[in-house]
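1. got a sequence here, can you model it:
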Amino acid sequence: MMNERLRRLKTGAIDETRKLFWIFLYLFVLLSLFAFYKALILNEQSLIYHQGFALINALALAKVILIGEYFHAGDNLKNRPLIFPILFKSAVFAVLLVCFHIFEEALIGVLHGKTLSQSVSNIGGGRLEGIAGIGLIMFVVLMPFFAFRELDRVIGTQELHSLLFGDEAKGGAALPILPRRWRMAAAALTLLVLGGGWLTWSLHRGTTAHYVTQEVEPGSVVRTMTASGIVTPAATVPVVARVSGVIQALGCDVKMKVKAGQVCAKIDPRPYQIMVDQNKSDLAEAVARFEKDKAALAHAKAALEHQEALPTRQAISRKATENLRKTYEQAQAREKLEEATVAQLQAALHAAETNLSSTDVVSPVDGVILSRTVEMDHTALGGPETSPLFIIASDPAVVQVEAKVSRTDIGEVAYGDNATFTIESLPNHPFAGKVTQIGQSRPVDEQATPYVVVIRASNPDLLIEPGMRAAIRIQSRPRDKG
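-> You can find the predicted model right below:
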C-alpha cells in the first residue's frame, strides 16, 4: 500500500516536472527573444544579465500557469468552443507576463541606480500605448501555446502527437521514449536558433556598408569639432525661506516633480503662531479702548453742544463751557490715538499672519527639483539674500549643455551652429541642439583659457538630467573652398 502511494507520488511529480519543463522552455524562448531584441535595439551590453531575468521570469510564470491549471482557471469555458478558453487564458497570462516584465525593468533600474519612473519609462516608451502593445504581442504569442494545450485536453496527447509528427508505431513497435524527447528538444533549440538568427539579420540587414567614389570638386567645407560638457537646465528658479526657523518637515527631494504651490518644506510655526495670538489679543484690547473712547467723545460732544445752547448769563456758565470744551478736545485726542494704535496693531497682525503662512516653503512653479540644501531639524535662515533651500528646473523639457572649446577652435563656432551630443547612460542615443551662447570662461591662463559654448536642446522624454556629462560634436556652418 505504501509502495503504491509512493509510486503514484513519484509518477505525479515526474509528470508535473515534465509539464513545468516544457512550459518553462516555451516561455524562456519567448522572453529570451524579447531580451535579445531589447539588447540589440538599445545596444546594451548586459544581454546575459537580461537572460538571467528571462530565466527567472520563465520559471515563475510557468509555475503560475501550472497553479492556474491546478485551480482550474478557465474550466468554466471548457464546454464552449475552443476559441473561448484559448483567448481567455492567453489574455490572463499575457497580463501576468506584462506584470513580470514591469517588475523586471523596475528591479534592473533599481540595481542600476535609476528611479522607478525612469525604469518604467523603458517599457514601451513609458506610455500606456507601448505597454499595451507589449501585452498584445505576448497575448498573440501565448495563443499557440494554449491552443495546443486545449487540443491536448480534448483529443488526447497521443492523438495530438500522431497528428503533428505522424504515427510513432510502425511494424507494431513503438519508438523509444528517449529519442522522441531528444527530437522535441532539438526542434525547440532549432526554433530558438533560427528565430534569433532571423531577428539579428532583420535588425542589421540595413547596416551593410556601400561605398561610392567620385571626383573631388570645389564646394563647401564643413568642420566638425568635438568637446565635452555638462548638462544644465535651461531655466532655474531658486526657492528661499522667507522666515527663519527649524525645518519640521520635508516634502520634496532631488529629481522629484513638483507643482506650483506644492509645499516642499515646513518651518516650525510655533514661534510665529505665538506672535499671531499675541497681536490678536493686543488688537482686541485696542479695539475695545477705541470703542470706549469713541463713546466718551460722543458724550463730551453732546455735553458741550448742550452747554453752548444755554444762554450765557453768569461767569460760572462760561467756565463750565470751557471745561466741557477741554474735555471734548481731550476725548478727541484719545480717540485719534487709539485709532492709530488699532491701525498699527492690525498691520502687525497682518505681518505676523504673513510670517506664519511663510513657514510653508512652497514651489513657485511647475518643474523638477535639481538640488536640496536643507535637512530635517536644521535651521533655515529667511530672507531674499540667503542661500536657496531648493533649486527647481522650471522647464525640464528644454536643457542646455555647456561645452568647453579651446581658443584655436572657437573661431569655427558661430551662433546657430548645429550640434549633437550623447550622454553616458545612453551612449547610442544622440540628441540634437543648436549653439545659443558663446562666451569666455573664468580666466586661468591667458593662452589656455577655454571658451564656453552653450548648446540648447529639447528633452521631451526627460531622458536628459542636469549634471550628466555629455560628449559633443559641433558642426560649423559651411564655408566655400577654392
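
2. which residue ranges of the stretch 351-482 of the chain form strands?
-> 360-362, 367-372, 379-380, 390-393, 398-405, 418-423, 426-440, 451-458, 469-475, 479-480 (DSSP state E, counting those that start in this stretch).

3. give me the angle between the longest one and strand 451-458.
-> The one in question is strand 426-440. Counting by axes from the mean of the first three to the mean of the last three CA atoms, to 10 degrees, strand 426-440 lies at 130 degrees to strand 451-458.

4. just the fifth one next, same as before
-> Strand 398-405 runs at 160 degrees relative to strand 451-458, counting by the same axes, to 10 degrees.

5. return the set of buried residues in strand 398-405.
-> Neighbour-count burial for strand 398-405, with 16 or more other CB atoms under 10 Å as criterion, is recorded at 398-403, 405. For glycine as for every other residue, the C-beta is placed from the backbone atoms N, C-alpha and C.

6. got the residues you listed as JSON lines, with distance to residue 64 columns?
-> Output for the buried residues of strand 398-405, formatted as JSON lines (distance: CB to CB, whole Å):
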{"residue": "398", "distance to residue 64": "45"}
{"residue": "399", "distance to residue 64": "43"}
{"residue": "400", "distance to residue 64": "48"}
{"residue": "401", "distance to residue 64": "46"}
{"residue": "402", "distance to residue 64": "51"}
{"residue": "403", "distance to residue 64": "51"}
{"residue": "405", "distance to residue 64": "57"}
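
7. ok, so of those, who is nearest residue 246?
-> Closest approach to residue 246 among these (CB to CB): residue 399, at 35.3 Å.

8. lowest average confidence, helix or strand, in this protein?
-> The weakest-scoring helix or strand in the chain, judged by mean pLDDT, DSSP states H and E, is helix 177-204 (a mean of 48).

9. ok, and the closest non-adjacent residue to residue 226?
-> residue 473 (5.5 Å; CB to CB, 6 or more residues apart in numbering).

10. and that neighbour, how many neighbours?
-> Counted with other CB atoms under 10 Å, residues neighbouring residue 473 total 15.

11. that one against residue 420, yeah?
-> Yes. Residue 473 is within contact range of residue 420, at 5.1 Å (criterion: CB atoms under 8 Å).

12. regarding residue 339, what is its secondary structure?
-> helix (DSSP: H, G, I helix; E, B strand; the rest coil).

13. can you get me the start-to-end distance on stretch 435-455?
-> 4 Å (CA to CA, to the nearest Å).

14. repeat for stretch 298-318
-> End-to-end distance for stretch 298-318: 21 Å, by CA to CA.

15. break down the chain into its helices, ranges please.
-> Here the chain has its helices, by DSSP state H, at 2-42, 47-70, 83-111, 116-120, 128-155, 157-165, 177-204, 270-309, 315-357.

16. can you put those helices in CSV and add distance to residue 411?
-> Formatted as CSV, the helices of the chain follow (distance: least, CB to CB, whole Å):
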stretch, distance to residue 411
helix 2-42, 38
helix 47-70, 45
helix 83-111, 44
helix 116-120, 40
helix 128-155, 45
helix 157-165, 73
helix 177-204, 41
helix 270-309, 58
helix 315-357, 55
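
17. same list, those helices, but as a markdown table with distance to residue 366 and mean neighbour count please.
-> Below are the helices of the chain laid out as a markdown table (distance: least, CB to CB, whole Å; neighbours: other CB atoms under 10 Å):
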| stretch | distance to residue 366 | mean neighbour count |
| --- | --- | --- |
| helix 2-42 | 30 | 14 |
| helix 47-70 | 36 | 16 |
| helix 83-111 | 25 | 18 |
| helix 116-120 | 16 | 16 |
| helix 128-155 | 22 | 16 |
| helix 157-165 | 60 | 12 |
| helix 177-204 | 39 | 12 |
| helix 270-309 | 28 | 15 |
| helix 315-357 | 21 | 15 |
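
18. of these, which is nearest residue 264?
-> Here helix 315-357 is closest among the helices of the chain (CB to CB), at 14.6 Å.

19. beta partners for residue 360?
-> residue 266 (DSSP bridges).

20. how many residues are close by it?
-> Counted with other CB under 10 Å, residues neighbouring residue 360 total 17.

21. what about it, distance to residue 353?
-> According to CB to CB, to the nearest Å, residue 360 and residue 353 sit 13 Å apart.

22. residue 437 reaches residue 454, doesn't it?
-> Yes. The pair residue 437 / residue 454 is scored as a contact, 3.7 Å apart, by CB under 8 Å.

23. and these two? Which one has more around it.
-> residue 454 (18 against 12).

24. what's across from that one in the sheet?
-> Those that pair with residue 454 in a beta bridge, by DSSP bridges, are residue 402, residue 437.

25. likewise for the one 4 residues further on?
-> Beta bridges link residue 458 to residue 398, judged by DSSP bridges.

26. can you tell me which residues contact it?
-> Neighbouring residues of residue 458 by CB atoms under 8 Å, 6 or more residues apart in numbering: 397-398, 433.

27. okay if I get the residues you listed as JSON lines plus pLDDT?
-> Below are the contacts of residue 458 laid out as JSON lines (pLDDT from 0 to 100):
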{"residue": "397", "pLDDT": "83"}
{"residue": "398", "pLDDT": "86"}
{"residue": "433", "pLDDT": "90"}
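
28. ok, residue 429 - contacts?
-> Contacts of residue 429 (CB under 8 Å, 6+ apart): 422-423, 463.

29. where does the stretch 1-150 of the chain have low pLDDT?
-> 1-2, 12, 33-54, 57, 68-76, 78, 101, 104-105, 108-130 (pLDDT under 70).

30. one step back: gap between the residue nearest to residue 226 and residue 417?
-> From residue 473 to residue 417 the distance is 11 Å (CB to CB).

31. next: residue 350.
-> Taking CB to CB, one finds residue 350 at 54 Å from residue 417.

32. quick one: closest of the helices of the chain to residue 388.
-> It's helix 315-357; of the helices of the chain, that one is closest to residue 388 (CB to CB) at 19.0 Å.

33. now for the closest one, which elements pack on it?
-> Secondary-structure packing of helix 315-357 (3 or more CB pairs under 8 Å, 6 or more residues apart in numbering; DSSP states H and E): helix 270-309.

34. now the helix it packs on and helix 315-357, what's the angle there?
-> 160 degrees.

35. circling back to that earlier point, any idea which of the strands of the stretch 351-482 of the chain is most buried?
-> Of all these, strand 390-393 has the most neighbours on average by mean count of other CB atoms under 10 Å, namely a mean of 24.
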